[in-house]
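**Q** the amino acid sequence is not available; the structure is as follows:
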Ligand SMILES: Nc1ncnc2c1ncn2[C@@H]1O[C@H](COP(=O)(O)OP(=O)(O)O)[C@@H](O)[C@H]1O
Ligand SMILES: [Mg+2]
């Protein structure tokens with residue numbers, strides 16, 4: 001399926017499907033190494049297009065546009081999971097282009113049910129779940145999983161969208177309306193103590209490298225802060241690493257993958273969700289690590305050996321959403337040591353990821369207090 005007999009050398013063109021902030025940060029890393037960037041995205045002046053050599057303005061499933069991207073590029077990558085795998089396979093068949101990540105990874109991760117089936121089969125601990133197609137399925141599954149539980153659409157959900165939490169029978173009617181969007185999955189509620197995540201990279205020679213574990217704080221289901229290293233025991237960190245390595249190997253991953261985890265009150269770890277690409281909770285690595293998640297991704301898809309990643313300094317990353325944007329930009333003046341990233345998006349909207357701030361620190365608690373004192377994120 002994947003053809004990558006040669007190294008993709010600097011000077012070659014990397015084609016990115018998707019022009020958001022992840023593509024933009026991949027492009028920064030690739031540019032540093034001398035690559036050229038082509039991007040496919042329907043939005044004019046999107047974050048990646050601003051730093052790319054070529055922008056093909058078209059929908060992600062536009063076969064002709066994807067073929068044009070492939071013809072201009074030496075290797076293709078994607079920065080999100082909602083690309084049509086079948087269309088990508090067709091492009092690969094019609095244009096001789098390396099797509100090292102392949103499409104199996106997409107097929108597994110763009111569907112919550114196949115993702116859970118994969119994790120279960122791989123022996124990774126996950127919350128109990130059931131496939132739900134009808135109200136009868138839902139009622140039946142609730143009798144096994146109990147309340148609270150959460151119904152999720154199997155496709156297209158992100159930042160808590162396409163989810164309905166059920167606490168009692170009175171929540172059934174609302175949850176049933178989600179079924180109008182297609183098949184869903186019901187999950188038992190995990191009363192987690194912390195949410196963690198870990199990025200893992202693998203190249204075609206099978207070399208696997210994990211990054212430091214982050215501790216993630218969500219607000220309204222959107223990632224707000226990541227703290228690295230996660231404030232958990234070494235045993236838990238090792239367990240997270242083992243889970244990530246197992247997933248990478250069982251998937252024959254090429255590129256970077258993000259693993260979201262729940263750390264429970266009783267000290268267990270469950271995998272929650274996978275992202276077949278760099279992940280928001282790994283952005284800290286740009287400044288805090290010897291190599292960033294984007295560096296690993298570019299090295300992996302271009303066929304280069306992967307370095308062991310060192311955490312150079314603990315870090316806190318805070319997301320800048322639309323409602324934080326204006327005040328957060330003032331941090332460029334008031335906090336010269338903080339790394340303020342602006343994704344260059346046109347159109348500031350509440351809840352929209354506009355940028356992030358990374359703060360390197362030897363005093364995490366004090367830094368968290370300083371962040372609170374800015375009153376930007378209250
Ligand atoms: N089974 C669950 N138990 C407890 N919390 C959950 C569960 N599923 C989701 N959540 C909460 O909702 C957030 C978003 O859910 P997730 O499955 O990661 O979907 P997405 O990030 O694609 O919106 C999680 O980070 C977590 O805070
Ligand atoms: Mg998630």
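**A** Looks like it came in fine. These numbers were taken from a predicted model, which means no experiment stands behind them. Ligands and ions are numbered 1, 2, ... in the order given.

**Q** roughly how far apart are the most centrally placed residue in the chain and ligand 2?
**A** Residue closest to the mean C-alpha point of the chain, counted by C-alpha atoms, centre = their mean, is residue 279 at 3.0 Å. Taking C-beta to the ion, to the nearest Å as the measure, residue 279 falls 9 Å from ligand 2. Where you see a C-beta, it was placed from the backbone N, CA and C, and this is true even at glycine.

**Q** please, which helix or strand holds residue 118?
**A** Assigned by DSSP states H and E, residue 118 falls within helix 112-121.

**Q** hmm, who's touching that helix?
**A** Applying C-beta atoms under 8 Å, 6 or more residues apart in numbering, the external contacts of helix 112-121 come out as 107-109, 126, 129, 131, 152-155, 157, 183, 185, 247, 250-251, 271, 273-274.

**Q** from those residues, list the ones also adjacent to ligand 1.
**A** Restricting those to those within reach of ligand 1 (C-beta under 6 Å from any ligand atom) leaves 157, 273.

**Q** which of the contacts of helix 112-121 fall in strands?
**A** 129, 131, 152, 153, 185, 271, 273, 274 (DSSP state E).

**Q** which pair in these has the greatest spatial separation?
**A** Spatial extent of these (C-beta to C-beta) is set by the pair 153 and 271 at 19.0 Å.

**Q** ok, the two, which is more surrounded?
**A** residue 271 (23 against 20; other C-beta atoms under 10 Å).

**Q** distance of that one from ligand 1?
**A** Here residue 271 is placed at a distance of 10 Å from ligand 1 (C-beta to the nearest ligand atom, to the nearest Å).

**Q** check what pLDDT that residue gets.
**A** pLDDT, residue 271: 98.

**Q** same thing with residue 158?
**A** 84.

**Q** which residues of the chain lie near ligand 1?
**A** Within the chain, the positions near ligand 1 by C-beta under 6 Å from any ligand atom are 127, 150, 157-160, 187, 189-190, 192, 195, 218, 221, 260, 272-273.

**Q** still on that earlier bit, the helix holding residue 118 vs ligand 2: in contact?
**A** No - applying C-beta under 5 Å from the ion, one finds helix 112-121 separated from ligand 2 by no less than 10.3 Å.

**Q** name the element residue 237 belongs to?
**A** Per DSSP H and E: helix 234-251 holds residue 237.

**Q** which positions in that helix come out as buried?
**A** Buried residues in helix 234-251, counting neighbours by 16 or more other C-beta atoms under 10 Å, are found at 236, 237, 239, 240, 241, 243, 244, 245, 246, 247, 248, 251.

**Q** list the contacts of the fourth one.
**A** When contacts are counted by C-beta under 8 Å, 6+ apart, residue 240 touches 196, 198, 213, 230, 259, 261, 269.

**Q** then residue 12?
**A** Shown in contact with residue 12 (C-beta under 8 Å, 6+ apart): 35, 36, 74, 75, 302.

**Q** nearest spatial neighbour of whatever residue of the chain ends up closest to ligand 2, skipping sequence neighbours?
**A** At 4.3 Å from ligand 2, residue 273 is the closest residue in the chain, using C-beta to the ion. Once flanking residues are discounted, residue 273 sits nearest to residue 260: 4.3 Å by C-beta to C-beta, 6 or more residues apart in numbering.

**Q** still on that earlier bit, just the buried residues of the contacts of helix 112-121.
**A** Buried members of the contacts of helix 112-121, counted by 16+ other C-beta under 10 Å: 107-109, 126, 129, 152-155, 157, 183, 185, 247, 251, 271, 273-274.

**Q** so what's residue 323 up against?
**A** 350, 351.

**Q** sec struct for it, please.
**A** Secondary structure for residue 323, judged by DSSP: H, G, I helix; E, B strand; the rest coil, is helix.

**Q** tell me if I'm right that residue 181 and residue 153 touch.
**A** Yes - in this structure residue 181 lies within contact range of residue 153 using C-beta atoms under 8 Å: 4.9 Å.

**Q** find residues that contact each of those two.
**A** With C-beta under 8 Å, 6+ apart as the test, residue 181 and residue 153 both reach residue 162.

**Q** one step back: the residue of the chain closest to ligand 2 against residue 247, yeah?
**A** No - in this structure, residue 273 is not within contact of residue 247 by C-beta under 8 Å, at 11.5 Å.

**Q** who are the contact partners of residue 372?
**A** Contacts of residue 372 by C-beta under 8 Å, 6+ apart are residue 378.

**Q** just to be sure, it is in a helix?
**A** Yes - assessed by three-state DSSP, residue 372 belongs to a helix.

**Q** and the gap between it and residue 316?
**A** 11 Å (C-beta to C-beta, to the nearest Å).

**Q** please apply the same query to residue 135.
**A** As defined by C-beta to C-beta, residue 135 lies at a distance of 44 Å from residue 316.

**Q** same question for residue 26.
**A** 23 Å.

**Q** so in terms of bridging, what pairs with the closest residue to residue 138 other than its chain neighbours?
**A** In space, and not counting its chain neighbours, residue 138 is closest to residue 132: 5.1 Å by C-beta to C-beta, 6+ apart. Beta bridges link residue 132 to residue 184 when assigned by DSSP bridges.

**Q** ok, residue 132 touching residue 142?
**A** No - counting by C-beta under 8 Å, residue 132 stays clear of residue 142, with 9.6 Å between them.

**Q** residues that sit against both of these two, list them.
**A** Common neighbours of residue 132 and residue 142 (C-beta under 8 Å, 6+ apart) are residue 186.
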